[in-house]
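**Q** pasting the sequence and the predicted coordinates here, then a few questions.
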Amino acid sequence: MTQPLTALERELLASVERLVTACESSAKELHALEKRSTSRIESKVNGLAHCVALLMKSHLTSVTTLADLLREEQNYETLQAGLETSWKLAKDAEKRLKES
């Protein structure tokens, strides 16, 4: 046979129920915040990785172009085209960095 709760016990039980509800709500909010933060961080890291890849391509293009010039395998037009490609890649990286 169960005994009825005293007023103090009922008040304590109600307080515990409110605390449990608050903890559950807080956990849900924290989980949502973590998910949003993680998504933003992943987006920024992916943007930076893309920028680094563009800058590496830019550097490789300009080094290859200048090396070909030193070996006299290029004329002015191909030299200019190679350097313009390198410049475009660097500007694309700059644009991507500003966007992320």
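**A** Yes, it's here.

**Q** where does pLDDT dip in this protein?
**A** The model of the chain has pLDDT under 70 over residues 1.

**Q** quick one: the strands in it?
**A** Read by DSSP state E, the chain holds no strands at all.

**Q** in it, where's the longest helix?
**A** helix 7-70 (DSSP state H).

**Q** against which helices or strands is that helix packed?
**A** helix 76-99 (3 or more C-beta pairs under 8 Å, 6 or more residues apart in numbering; DSSP states H and E). In short, each C-beta sits where N, CA and C put it, glycine included.

**Q** kindly format the C-alpha coordinates of the helix it packs on as CSV.
**A** The C-alpha coordinates for helix 76-99 follow below in CSV (Å, rounded to 0.1, in the frame of the first residue of the first chain):
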residue,chain,number,x,y,z
TYR,A,76,55.5,36.0,-75.7
GLU,A,77,51.9,35.0,-76.4
THR,A,78,52.2,31.6,-74.7
LEU,A,79,54.1,33.2,-71.8
GLN,A,80,51.4,35.8,-71.4
ALA,A,81,48.6,33.2,-71.6
GLY,A,82,50.3,31.1,-68.9
LEU,A,83,50.8,34.0,-66.6
GLU,A,84,47.3,35.2,-67.2
THR,A,85,46.0,31.8,-66.2
SER,A,86,48.1,31.9,-63.1
TRP,A,87,46.8,35.3,-62.2
LYS,A,88,43.2,34.2,-62.8
LEU,A,89,43.6,31.2,-60.5
ALA,A,90,45.1,33.5,-57.8
LYS,A,91,42.2,36.0,-58.2
ASP,A,92,39.7,33.1,-58.0
ALA,A,93,41.3,32.0,-54.7
GLU,A,94,41.1,35.5,-53.4
LYS,A,95,37.4,35.7,-54.3
ARG,A,96,36.7,32.3,-52.7
LEU,A,97,38.5,33.3,-49.6
LYS,A,98,36.4,36.5,-49.3
GLU,A,99,33.2,34.5,-49.8
